[in-house]
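A.B. asks: Fold the following.
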Amino acid sequence: MPFGGRYAYGFEDRTMNASHCFGHDGGSPEINGELETCQDSRYIVAVLANMHPEAAGHIAEFIVHRLPARKDDVTE
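C.D. replies: Modelled structure (predicted):
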């Protein structure tokens, strides 16, 4: 399992960059995609690639590890 974590109902569940994320990946020769939903930071990352099967996963991981952490909602 890439990045460590759990897998259920077709979704991977893991913590990346101190944020709880879940997602799914897939593809075939020369195409692939990756979807990551990071609840804590409130971002969704979707990557599609016309390259070898690991390309979208590497790009999604690069992006997720650089997302800003969620700041608590501040009421003024």
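A.B. asks: how about the helices of the protein, start to end?
C.D. replies: Secondary structure of the chain, counting by DSSP state H: helices at 55-64.
A.B. asks: So for the residue nearest to G57 when sequence neighbours are not counted, what's the pLDDT?
C.D. replies: With sequence-adjacent residues excluded and distances taken as C-beta to C-beta, 6 or more residues apart in numbering, G57 is closest to E34, at 5.0 Å. (Each C-beta comes from the backbone N, C-alpha and C, glycine too.) If you check E34, the pLDDT there is 94.
A.B. asks: wait, doesn't E34 sit right on I63?
C.D. replies: No: using C-beta atoms under 8 Å, E34 makes no contact with I63, being 9.6 Å away.
A.B. asks: more crowded one of the two?
C.D. replies: For E34 versus I63, the count of surrounding residues by other C-beta atoms under 10 Å is larger for E34: 26 against 17.
A.B. asks: Show the contacting residues for the more buried one.
C.D. replies: By C-beta atoms under 8 Å, 6 or more residues apart in numbering, E34 lies in contact with 23-25, 45-47, 56-57, 59-60.
A.B. asks: Now a ChimeraX select for only the buried ones of the residues you listed.
C.D. replies: Selection command for ChimeraX covering only the buried members of the contacts of E34, criterion 16 or more other C-beta atoms under 10 Å:
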select :23,25,45,47,56,57,59,60
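A.B. asks: Might you list the low-confidence residue ranges for the protein?
C.D. replies: Residues of the chain that meet the criterion pLDDT under 70 lie in 1-8, 70-76.
A.B. asks: Could you pick out the longest strand of it?
C.D. replies: strand 19-28 (DSSP state E).
A.B. asks: picking that back up, now do the shared contacts for E34 and I63.
C.D. replies: Contact criterion C-beta under 8 Å, 6+ apart; residues shared by E34 and I63: 45, 47.
A.B. asks: Bridging across strands, which residues link to the most centrally placed residue in the chain?
C.D. replies: Closest to where the C-alpha atoms of the chain average out (C-alpha atoms, centre = their mean) is E36, at 2.9 Å. Each beta-bridge partner of E36 is listed here, defined by DSSP bridges: G23, V45.
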